[in-house]
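Chemist: Next come a sequence and a model predicted from it.
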Amino acid sequence: MLSAESAALLVEPRPRRATLVYGGPPGAAPVPPVQLPAQEQALPVPYGRPPALLSVRGRNLLARPVPEPGKPLDAPRIVEGLAMSPAATAALSAPPACDFAGWSIQVVPQPPDKAAVLAVSATQTAVLKLPAKAAPEAAVGCAADRIMVEVIAPTTGERTLATCTLEGACVLAEKPPFRPWLEPHERSIALAPTRQGVAAVLTSRTATRWGLYIAQSPEAGKIYDVPRVIGEDSGERGRIELGALLSFGNRLLMLLQADVTGTSRRGWYVMASEDSGLTWSPP
């Protein structure tokens, strides 16, 4: 979507010949399509709000605004500090890992065995070098001009967290915020930066037990407080599940699913924190 009355769609009428076509409200005058240069491979997913148009030429990633209806393409700008490869192209052809304000965020593989974080807005791009290798299927959280990424600790090989600013300053947690269970288990993590700190919620589960934990850092991700238990037990009855962890500046909202007291039903509950996750309201 470009505005309330116009939208652009990237199509490929012929192999490797991407074209922007436009749509408008009923009765609107047709708008001529805009064809991208033949030497560029357009990426099919919009990044940034309003959207930027990303394309690949050789080893370079190019970015330009999506032109308004009836306007020509702007000259592209090269995104410095990012080497494109088939793996990087595949990563940027998927939806962003995270969005906040006008920015879209994605973890992009880099040779030989590293990753960078790409942040894209309509008029700006930033490439952030992570202080450690990104974890497989790394969780990403973004808000309040900061980005959190799940990485592998260089010394122990454990999963931990890195927090970066859009200016490129990154902090690696001195110790992993959570200690993994010893037995094989499934895990997922939700991340939420705030203006004052960062918070992470871990879900761990086996066939016989479950646990939900929160760790909070008032120091922008360098040192985390001891994790607190949201809930843990065995069996399905009484199980608490995380639906979402949302950041609004210093306010955090946690959406939880749990049993409805006195019934066999489950319901959704909201908890709020006004101090970056230190204290929470009752659900």
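Modeler: Nice, thanks for sending it over.

Chemist: mind checking how far residue 46 is from residue 36?
Modeler: According to Cβ to Cβ, to the nearest Å, residue 46 stands 14 Å off from residue 36. (Glycine included, C-beta is placed from N, CA and C.)

Chemist: Ok, residue 48 next?
Modeler: 17 Å.

Chemist: more crowded one of those two?
Modeler: Shown here are residue 48 and residue 36; by other Cβ atoms under 10 Å, residue 48 has more neighbours (24 against 21).

Chemist: tell me the contacts of that one?
Modeler: 102-104, 120-122 (Cβ atoms under 8 Å, 6 or more residues apart in numbering).

Chemist: Swap in 6 Å and give it another go.
Modeler: For residue 48, the contacting residues are 104, 120-122, by Cβ atoms under 6 Å, 6 or more residues apart in numbering.

Chemist: can you list those in CSV and add distance to residue 40, secondary structure and pLDDT?
Modeler: Below are the contacts of residue 48 laid out as CSV (distance: Cβ to Cβ, whole Å; DSSP: H, G, I helix; E, B strand; the rest coil; pLDDT from 0 to 100):
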residue, distance to residue 40, secondary structure, pLDDT
104, 20, strand, 97
120, 16, strand, 97
121, 20, coil, 95
122, 19, coil, 90
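
Chemist: Would you reformat those as a markdown table and include neighbour count and distance to residue 188?
Modeler: Formatted as a markdown table, the contacts of residue 48 follow (neighbours: other Cβ atoms under 10 Å; distance: Cβ to Cβ, whole Å):
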| residue | neighbour count | distance to residue 188 |
| --- | --- | --- |
| 104 | 26 | 22 |
| 120 | 26 | 25 |
| 121 | 20 | 28 |
| 122 | 19 | 31 |
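
Chemist: element containing the closest residue to residue 77 other than its chain neighbours, please.
Modeler: What sits nearest to residue 77 in space, not counting adjacent residues and going by Cβ to Cβ, 6 or more residues apart in numbering, is residue 63, at 5.7 Å. Using DSSP states H and E, residue 63 sits within strand 60-65.

Chemist: quick one, what contacts the residue nearest to residue 153 when sequence neighbours are not counted?
Modeler: Excluding its sequence neighbours, the residue lying closest to residue 153 (Cβ to Cβ, 6+ apart) is residue 160, at 4.6 Å. For residue 160, the contacting residues are 153, 173, 176, by Cβ under 6 Å, 6+ apart.

Chemist: Out of those residues, flag the one nearest to residue 266.
Modeler: Relative to residue 266, the closest of those is residue 176; by Cβ to Cβ it sits at 31.1 Å.
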